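In: Any chance you can model this:
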Amino acid sequence: MDWSYYLYLYPAYAFGLLAWHFSQRHRAVVPDAAEPGSTRPAFEFLLVILAVVGTILIGQVYQADYLLPESGSWRPLTGAINQVLIFAPILALVPFRGQPWTSAWIPAQGRGRSILWGLGIAIAAILLHLGLRGLLSRTGEVLLSVYHPKNFHLMVQVLLEDLAIAIAFVRLQQWIGKTSAMIVVGSLFALAHIPAMLAEGFQASQLIGLSLDAGLTIAVLWVLSYHRNILWLWMLHYAMDMMQFVE
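Out: Predicted structure coming up:
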């Protein structure tokens, strides 16, 4: 496995996280804005586990090509709808439990501003990533490719992944505390890549990659738990995921 990818990914993510953290550190966050408000946190997390199982099952239906077909010019739209269907059990938890969307780290105000600020940070992180790889001359080409409408379904998928992580983390930290929740969620996020790795032929050396992914997720969760806003991260997460396709 080529570990050099992480030499570019980690600095770009570090820049993005620090840029958001220091640009927003003076903004007030309502102390309980992200709390589900339940007196039974273990029960709330049990519901998350059941929802995750539901998402995995729908994902298997998707893998068997039983959801909407993804081909031709309709692929960005049908692909996005499929992703919503896959993550529907997790997303449904918030309204089903009568909880605010702030408990999924969707801010009550300034949503458009968060996305635009995140987009700016993401583009800067792309420039850093390309610069470290000696590919700055391809900036225009890469940006056009990353933000092409054909990738709409991928952008939706990243948003739903971030929402799922936020929903799980917020409810788990109410039960076992923030630090422990970071470790558990970060580890689970990394381990979620194992089925795909097994399908492609798993190698023991890939465990190092999983550890690096877990560490990165924990760092991201630390910043997110401080500001409780995933909309800006959506832009950074999507941009960095797309960098794996730049050769």
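In: same question for the helix ranked longest in the chain, mean pLDDT?
Out: The longest helix of the chain (DSSP state H) is helix 152-176. Averaged across helix 152-176, pLDDT comes to 94.
In: quick check, distance from it to the centre of its chain.
Out: Relative to its chain's centre, helix 152-176 lies at 6 Å (CA atoms, centre = their mean, to the nearest Å).
In: after the lowest-mean-pLDDT helix or strand in the chain comes which helix or strand?
Out: Ranked by mean pLDDT, DSSP states H and E, the weakest helix or strand in the chain is helix 194-200, scoring a mean of 56. Once the chain leaves helix 194-200, the next helix or strand it forms, by DSSP states H and E, is helix 206-227.
In: Please identify the buried residues of that next one?
Out: 209-210, 212-214, 216-221, 223-225, 227 (16 or more other CB atoms under 10 Å). The C-beta positions use only the backbone N, C-alpha and C, and glycine is treated the same way.
In: what about residue 123, how many neighbours?
Out: Using other CB atoms under 10 Å, residue 123 has 17 neighbouring residues.
In: typed the wrong thing, it's residue 41
Out: 17.
In: so who does it touch?
Out: Residue 41 is in contact with 171, 174-175, counting by CB atoms under 8 Å, 6 or more residues apart in numbering.
In: packing partners for the longest helix of the chain?
Out: helix 41-63, helix 75-91, helix 178-191, helix 206-227, helix 231-242 (3 or more CB pairs under 8 Å, 6 or more residues apart in numbering; DSSP states H and E).
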